[in-house]
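Asker: Next come a sequence and a model predicted from it.
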Amino acid sequence: QVQLVESGGGLAQPGGSLRLSCAASGFTFSSYAMSWARQAPGKGLEWVSGIYSDGSDTYYADSVKGRFTISRDNAKNTVYLQMNSLKPEDTALYYCAKGVHLEYYYGMDYWGKGTLVTVSS
């Protein structure tokens, strides 16, 4: 069955960095887009970033553009989210999600359990 396991969350200071990882199994990883989404306390789910199955195209929400970088290693079945210049408003539970297509526009069908990122001094 499809499994997505996030790691790398934790406490970071404003201006700091964290790198999230998502290890995928149970499907042909290289055939599907992958995404990261987040849910801040008391707020709705926000799609943060997406990447094509071959890594050739990426999407970023305006709130993270220029600070976050998504990447993937199809040999390791892993997708990453490098987060730099972190802000307190980046505090959220971050989820990894599998796309339903090789491009990220078409939605997601499986989600991990999330990893908590807290940005605070």
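Answerer: Structure's in. What do you need?
Asker: hey, let's count contacts and neighbours off CA atoms from now on
Answerer: Will do.
Asker: Give me the below-cutoff pLDDT ranges for this protein.
Answerer: Judged against pLDDT under 70, the chain has no low-scoring part.
Asker: In this structure, mark out all the helices, start to finish.
Answerer: For the chain, helices defined by DSSP state H do not occur.
Asker: Spatially central residue for it, please.
Answerer: residue 36 (2.6 Å; Cα atoms, centre = their mean).
Asker: separation between that residue and residue 121?
Answerer: 25 Å (Cα to Cα, to the nearest Å).
Asker: Then residue 110?
Answerer: Taken as Cα to Cα, the span from residue 110 to residue 121 is 34 Å.
Asker: contacting residues around the closest residue to residue 38 other than its chain neighbours?
Answerer: Leaving out its chain neighbours, the residue that sits closest to residue 38 by Cα to Cα, 6 or more residues apart in numbering is residue 94, at 4.3 Å. Residues near residue 94 by Cα atoms under 8 Å, 6 or more residues apart in numbering: 36, 37, 38, 39, 114, 115, 116, 117.
Asker: Give the bridge partners for the last one, please.
Answerer: By that I understand residue 117. Beta-bridge partners for residue 117, by DSSP bridges, are residue 10, residue 92.
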